[in-house]
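1. pasting the sequence and the predicted model now:
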Amino acid sequence: MFVKTFPEVDADPGVRRQVLSDSKDLMVVAFRFGQEGAEGKLHNHPHVQSTYVESGRFRFSIDGTDFEVGPGDSFVIPSKAMHGCVCLQPGTLIDTFTPRRDDFL
């Protein structure tokens, strides 16, 4: 078994990102939101994304639809969908991307 450790880096103000594992077809990433009001700014990408809320509370927007999520919730963001979130209570999101986000390496 091959285990690689990736560094934690700043993603946005109040948000840290760490790649947990990757292959060319799949990547798992932790986003740690350290404060209420921290944002994952609206963006889109060609990757399909699955998000799992490990802890905290967040308000998400996907293509103009807003909803709140908390621990244990998960959902899928389609390829090219405009999305982002605001942290309502500090916590961690676990995102999985297919294919891998080479821009995170």
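-> Here it is on my side, so go on.
2. C-alpha only now, for contacts and for neighbours.
-> OK.
3. what distance do you get for Pro78 to Phe97?
-> Remark: distance between Pro78 and Phe97 (Cα to Cα, to the nearest Å) = 10 Å.
4. show me which of these two is the more surrounded one.
-> Phe97 (21 against 17; other Cα atoms under 10 Å).
5. state the helix or strand in which that one lies.
-> strand 91-98 (DSSP states H and E).
6. show me what that strand is packed against.
-> The elements that strand 91-98 packs onto, with contact taken as 3 or more Cα pairs under 8 Å, 6 or more residues apart in numbering; DSSP states H and E, are strand 26-33, strand 48-53.
7. compute the inter-axis angle for it and strand 48-53.
-> 160 degrees (axes from the mean of the first three to the mean of the last three Cα atoms, to 10 degrees).
8. quickly run through the sheet partners of strand 91-98, with directions.
-> strand 26-33 (antiparallel), strand 48-53 (antiparallel) (DSSP bridges).
9. I'd like those strands as JSON lines, with mean neighbour count and distance to Gln89 appended.
-> Formatted as JSON lines, those follow (neighbours: other Cα atoms under 10 Å; distance: least, Cα to Cα, whole Å):
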{"stretch": "strand 26-33", "mean neighbour count": "22", "distance to Gln89": "8"}
{"stretch": "strand 48-53", "mean neighbour count": "19", "distance to Gln89": "12"}
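10. do you know which of those strands lies nearest Leu42?
-> strand 48-53 (14.1 Å; Cα to Cα).
11. now whichever helix or strand comes after that closest one, how far from the centre of its chain.
-> Going down the chain from strand 48-53, the next helix or strand is strand 57-62, by DSSP H and E. The chain centre lies 11 Å from the centre of strand 57-62; the measure is Cα atoms, centre = their mean, to the nearest Å.
12. quick one: mean pLDDT over strand 57-62.
-> Strand 57-62 carries an average pLDDT of 98.
13. next, the angle from the following helix or strand past it to strand 57-62.
-> For strand 57-62, the following helix or strand on the C-terminal side (DSSP H and E) is strand 65-69. If you take the same axes, to 10 degrees, strand 65-69 sits at 160 degrees to strand 57-62.
14. this completes my enquiry, with thanks.
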